[in-house]
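Asker: predicted model, plus sequence, below.
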Amino acid sequence: MTPRQTSLACPHKCTGGRRCVCSDHSGHTQHICNDPACVCHTPAAYGLELVSATHGTAYVPLLRRLYETRDTQP
């Protein structure tokens, strides 16, 4: 790493325990590494869940699905 990259490097680790590759000045909350196979790149790490419906499947926020399920129950 160059001195400039080191000064901009995020000091946090991803959910998989690897060094975050994001810029510390970007104001990010989702820390990701450079390993595509890491858990930090999965939909679950972003709070998403694959849901099947009549018209197909899609990734939706978990809280949205729980909210919609609660409203449809008697």
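Answerer: The structure has been received and is ready for your questions. Numbers count the residues shown, from 1 in each chain.
Asker: what about the closest residue in space to residue 48 that isn't next to it in sequence, which SS state?
Answerer: Once flanking residues are discounted, residue 48 sits nearest to residue 59: 4.3 Å by Cβ to Cβ, 6 or more residues apart in numbering. For the C-beta atoms, the positions are set from N, CA and C on the backbone; glycine is no exception. Under the three-state scheme (DSSP: H, G, I helix; E, B strand; the rest coil), residue 59 adopts strand.
Asker: ok, residue 59 touching residue 52?
Answerer: No. In this structure residue 59 lies outside contact range of residue 52 using Cβ atoms under 8 Å: 11.2 Å.
Asker: more crowded one of those two?
Answerer: More crowded of residue 59 and residue 52, by other Cβ atoms under 10 Å: residue 59, with 13 against 8.
Asker: wait, what's in contact with the more buried one?
Answerer: 43, 48, 49, 50, 51 (Cβ atoms under 8 Å, 6 or more residues apart in numbering).
Asker: in TSV, list those along with distance to residue 15, neighbour count and secondary structure.
Answerer: Compiled in TSV, these are given as follows (distance: Cβ to Cβ, whole Å; neighbours: other Cβ atoms under 10 Å; DSSP: H, G, I helix; E, B strand; the rest coil):
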residue	distance to residue 15	neighbour count	secondary structure
43	13	12	helix
48	14	16	strand
49	16	16	strand
50	19	10	strand
51	22	14	strand
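Asker: just put the residues you listed in TSV and tack on distance to residue 14 and pLDDT.
Answerer: What follows is these, written out as TSV (distance: Cβ to Cβ, whole Å; pLDDT from 0 to 100):
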residue	distance to residue 14	pLDDT
43	15	90
48	16	90
49	20	88
50	21	88
51	25	86
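Asker: quick one: which of the residues you listed is nearest to residue 29?
Answerer: residue 48 (15.0 Å; Cβ to Cβ).
Asker: distance of that closest one from residue 60?
Answerer: In this view, residue 48 and residue 60 are 7 Å apart by Cβ to Cβ, to the nearest Å.
Asker: all set now, cheers.
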